[in-house]
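S.K.: Any chance you can model this:
(chains A and B)
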Amino acid sequence: MQQQVDKSSSLNVLTQLKARLRITAVRLTVLNSLFFIFGIWITIALIYWQVSIFMEERVERIIDVNVKHFNNLDLNEVIKNVDDSVKRDSRKIELYGVFTHQGVKLSGNLNYIPKEITLNGKTVEFEYRESGEILKTESQTSSNIRSFPARAKSFEIDQNTVLVIGRDISEFEAIRKILLNGLITGSSIILTLGFLIGISLAVPSFKRIQHIQRLSKKIMLGDFNLRLPISKRNDEIDILATTINSMMTEIEELINEIRGVSATIAHDLRTPLTRVRFLLSKGILLTQDTKLEATQRSLLARDLFIKSIEESDQLLARFTAILRIAEIENHMRKVGFKNIHLEDVLQQIYEMFEPIAEDKGVKLVLEITPTAPVYADPALLLEAISNLVDNAIKFCPNSTTNTLIHTGEHSPANHVVVTVRLTTADSYPVIDIIDSGVGLSEEVFNALNQENNSTVKFSHDDHFQSKEESSNQHSDPCTHFANSNRSTHAQLTHQLELSARSGKGFGLGLGIARAILRLHHFKMIAIPPSKGTHIRILCNN
Amino acid sequence: MSKVLIIEDDTQTSSEIASLLVSRGYEVVIETDGEKGLERAINEKFDAITLDRMLPNISGIEILQSLRQANNDVPVLLISALGLVDDRVQGLKAGGDDYIVKPFANEELLARVEALIRRRNQSQHHSVQLNFLKYEDLELDLLQRTAKRGGVSIQLMAKEFRLLEYFVRYSEQVLTKKMILESLWNLNFDPSTNFVEVHIARLRKKVDAPSFIPLIHTVRGVGYVFGIKP
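M.R.: Below is the predicted model of the structure:
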C-alpha cells in the first residue's frame, strides 16, 4: 500500500516536472544555455586550432635550426654536441639520437629510431615510448614505460650514421586536455545553471497558469462572474488575461441577456399558446354540447377557430419580431451598407405613411434640410424609422388632414401633428420624430436614455446635455452617447417587452428600430416634450 | 388542368398542401425524397413546384440550383421555416420565384401558387411587353402612366398607379397583403399597421367611383381580388 502511494506520488512529481519542462520560460532558458555552450565550444576550438598551428610552427623552426647546426659537423662533433645538449636540457623536452644505419644507438636520449621517421624526410609526429621496442625486455614492466607525443626528423651525418632530432610535444596534449576539461566542466555548470534559472523563472508563471486553469474550469462549469487575476507586471500573461476578462464580461452580459430574453420569450409565447389551447379545448366541449343546435354550434365553432387563428398570428408576429431583432443584432446584414441621403429615406417614409396618417386624421409633416450623406443600409433604416413613425401616428389622437412642409414653412396650429424633421447638428444629420400622442412610459423613457451610458437632462427647447457636459459646455453634445452598455440594453429589452404587453405599443417596433440604429452606431434618445413623444436619432456613425 | 409537384419530406404537411391544391382543381404529385423530387422535376412537365427548403440528404436550395442548371424554368415556390431576410434572399438568388415562411395561411399558399402559374402563362403567351393594360372599362397606359375608366381619366399617384397595374396584371386572382407589400413596396418587414388597407382604400375611392361596378374586392382575412364579381 505504502509502495503504491510512493509510486503514485513520484509519478505525480514526474508529471509536474514534465509539465514545468514544457513551460516556455524553461525551454527558452535551456535553449539559450545550449546556444551559449555552443558559442564557447566554437571559441575554444578556434583558440586551440590557432595555438596548435603556432606551436607546430615553433617546433618545426627549432628542429630546423638544430638540423642546420648539426649538418656542418662531423660524427665526433655531433656526438659531443648531442651529449652537451642533452645535459643542458633540464626540461627534458629536446630529443636527440645518433644511430648507425642498423639502428644501434651511438649517443643521445633517444633509444631507437621511431619507425614513422624516414631518412631525410619531413618532420613527423609519433608516440615515443621511452623504454622503446629496442630496450624493452621481459623484465620491464609496463609501469616503467613512459610514452609521450613527439615530433622529429632525421638526416645522415655520414655514410654509416644517422642523427634524429626531435622535441617532446606533451605540452600540446596538456593544453588540449585543459581546454577539454574546462569545456566539459563549464558546459555542465552553464547547463545546470540555465536549467535552474529556467525552473525558477517558470515556477511563478506555472503557478499563475495553474490558477488560470482552475478558474477556467470553474467558468466552464458556469461561474461566469469569475475573472482571471492580473498582476502589476503587465507581462504577456497579464495582457492575455485582460483580453480574456474583457471577453468574459462580454460573454457574461450576453448570457444574462439571453437569460432575460429567454424568460421574455417564454412568457410571450406561452401566454398566447395557452389562450389558443383554451380556445381549442372550448371547441371540443362545444362539439359535445347537445343543448345547442347544429347551426348554432357551427357558428360558435367558427368564431373559436377565427380567434385561435388570430392568436396564432399574434404569436407568429411576436416570434418574427424577436427573430428579426436577433438577426439585426447579429450584424448579419452589413452587405447593404453604402453612402445614402437620409432625405430620400424620409421622403419614402412620408409617401408610405401619409395615407395612414390621413386615414387617422393626423397631420404628417416632413421638414427636410439637406444633410451630408451617411453610411447606412437604406432598407434597414427605412424599417427603423418606419417603426418609429408608425408608433407616432398610432398613438396620436384622431384629427384632420396632412401636409408636406419643407423648411421654412410651418404647420397650422389646430391639427394633431406628427413631425419628421431632418436637420444638421455639429456636421452630422439629426432626425427628430415628434408626436403629440400618449408618450413613452417613464420606464421606457428612462431605459432608452440610460442605454446611452449617461444621464441626460433636457431644457424645454430640446437642447440636451449630459451631466458630464454641464461642466464642459464646449464639448461635443453627443459624445456622451458613447457605446451603449449591455446591462441597460437588457433592461431596455425588458422594459419594452413590458410596455408591449401592457398595450402601450412601444414594444417590438421600438426594439427593432433600436437594434437597427445600434447596428449603424446611430444613437436614439428620448426627449421629454411638453406632450407626446420626441425621439431623436443622432446619425454620427 | 395545372400540375403541381410538391417536394416535402413531412408527410402531413405535404398531404395538407396537396389536399388544398386539389380542392382548387390542381393535379398534384408528392415527392418526400429530395433527390427523387429533383429527378421528377427534370424529367416530367409541371406548371409549378412547391419545394421545402430543408430536406434530408439534399437541401431545397441545392435542388433549385440543379434545376436551374438543367435549364428548367418551372416556377418554384420555396417553403421554409427559415424566415430571416437573408434566408429569403438566398432562396430567391438560388432561382426561387417566390418564398413563403412556415407556418402560412392556406389562402396565402394558394394565392402564391396561382400567381406563379399565372405569371408563367402570361410570359408564355405574351412574349412582347404590352404598353397598355385593359380590364373591362379600365384602361392603363403603361408608358404615359395614365389610367382611364369608362373613358374618364383617373388621377393617380405613382404608387397608386403601380398598385392598380399589379391588380390588373393579376386580375381575378386572390392577392394577399404580404404579396402586395412585397411586390409594391419591396419591404422585407411588416409595417404592422393597416398599411395595405389604407393604400387600397385610397385607390378604391378613385377607381371604384359610385357610378362604376366595383373592381377591387376584399377577401376577408386573406387579401384582395381585382375583377368583376361573378
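S.K.: just so I have it, where are all the strands in chain B?
M.R.: B:3-7, B:27-31, B:48-52, B:76-80, B:98-101, B:132-135, B:138-141, B:146-149, B:152-154, B:174-176, B:216-219, B:223-226 (DSSP state E).
S.K.: export these to JSON lines and tack on distance to residue B:114, mean pLDDT and mean neighbour count?
M.R.: The way it works is simple: take the backbone N, C-alpha and C, and place the C-beta from them, glycine included. Below are these laid out as JSON lines (distance: least, C-beta to C-beta, whole Å; pLDDT from 0 to 100; neighbours: other C-beta atoms under 10 Å in any protein chain shown):
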{"stretch": "strand B:3-7", "distance to residue B:114": "10", "mean pLDDT": "95", "mean neighbour count": "23"}
{"stretch": "strand B:27-31", "distance to residue B:114": "14", "mean pLDDT": "94", "mean neighbour count": "17"}
{"stretch": "strand B:48-52", "distance to residue B:114": "9", "mean pLDDT": "94", "mean neighbour count": "27"}
{"stretch": "strand B:76-80", "distance to residue B:114": "10", "mean pLDDT": "92", "mean neighbour count": "25"}
{"stretch": "strand B:98-101", "distance to residue B:114": "11", "mean pLDDT": "89", "mean neighbour count": "21"}
{"stretch": "strand B:132-135", "distance to residue B:114": "17", "mean pLDDT": "88", "mean neighbour count": "14"}
{"stretch": "strand B:138-141", "distance to residue B:114": "21", "mean pLDDT": "92", "mean neighbour count": "19"}
{"stretch": "strand B:146-149", "distance to residue B:114": "25", "mean pLDDT": "93", "mean neighbour count": "18"}
{"stretch": "strand B:152-154", "distance to residue B:114": "27", "mean pLDDT": "92", "mean neighbour count": "13"}
{"stretch": "strand B:174-176", "distance to residue B:114": "7", "mean pLDDT": "89", "mean neighbour count": "23"}
{"stretch": "strand B:216-219", "distance to residue B:114": "13", "mean pLDDT": "92", "mean neighbour count": "14"}
{"stretch": "strand B:223-226", "distance to residue B:114": "11", "mean pLDDT": "92", "mean neighbour count": "22"}
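S.K.: Looking at the ones you listed, which is nearest to chain A?
M.R.: strand B:98-101 (8.2 Å; C-beta to the nearest C-beta).
S.K.: List the strands paired with that closest one, with their directions.
M.R.: Sheet pairing of strand B:98-101 (DSSP bridges) gives strand B:76-80 (parallel).
S.K.: Strand B:48-52 and the strand it pairs with, what's the angle between them?
M.R.: Put simply, strand B:76-80 runs at 20 degrees to strand B:48-52, going by axes from the mean of the first three to the mean of the last three C-alpha atoms, to 10 degrees.
S.K.: Quick one: closest of the strands of chain B to residue A:90.
M.R.: Closest approach to residue A:90 among the strands of chain B is made by strand B:76-80 (109.1 Å; C-beta to C-beta).
S.K.: hmm, who's touching the closest one?
M.R.: Residues from elsewhere that reach strand B:76-80, judged by C-beta atoms under 8 Å, 6 or more residues apart in numbering or on different chains: B:8, B:48-54, B:60, B:64, B:67, B:87, B:91-92, B:95-102, B:104, B:109, B:112-113, B:116.
S.K.: Compare the strands of chain B and give me the one nearest residue B:16.
M.R.: Using C-beta to C-beta, the nearest of the strands of chain B to residue B:16 is strand B:3-7, at 9.9 Å.
S.K.: name the helices or strands packed onto the closest one?
M.R.: Strand B:3-7 sits against helix B:11-23, strand B:27-31, helix B:34-43, strand B:48-52, with contacts defined as 3 or more C-beta pairs under 8 Å, 6 or more residues apart in numbering or on different chains; DSSP states H and E.
S.K.: Each with direction, which strands does the second one pair with?
M.R.: Translated: strand B:27-31. Strand B:27-31 pairs in its sheet with strand B:3-7 (parallel), by DSSP bridges.
S.K.: so how far is the partner strand off the chain centroid?
M.R.: 16 Å (C-alpha atoms, centre = their mean, to the nearest Å).
S.K.: neighbours of the spatially closest residue to residue A:155 that is not a sequence neighbour, just the number please.
M.R.: Spatially, and ignoring its direct neighbours in sequence, residue A:155 is nearest to residue A:120 (5.2 Å; C-beta to C-beta, 6 or more residues apart in numbering or on different chains). Residue A:120 has 9 neighbouring residues, counting by other C-beta atoms under 10 Å in any protein chain shown.
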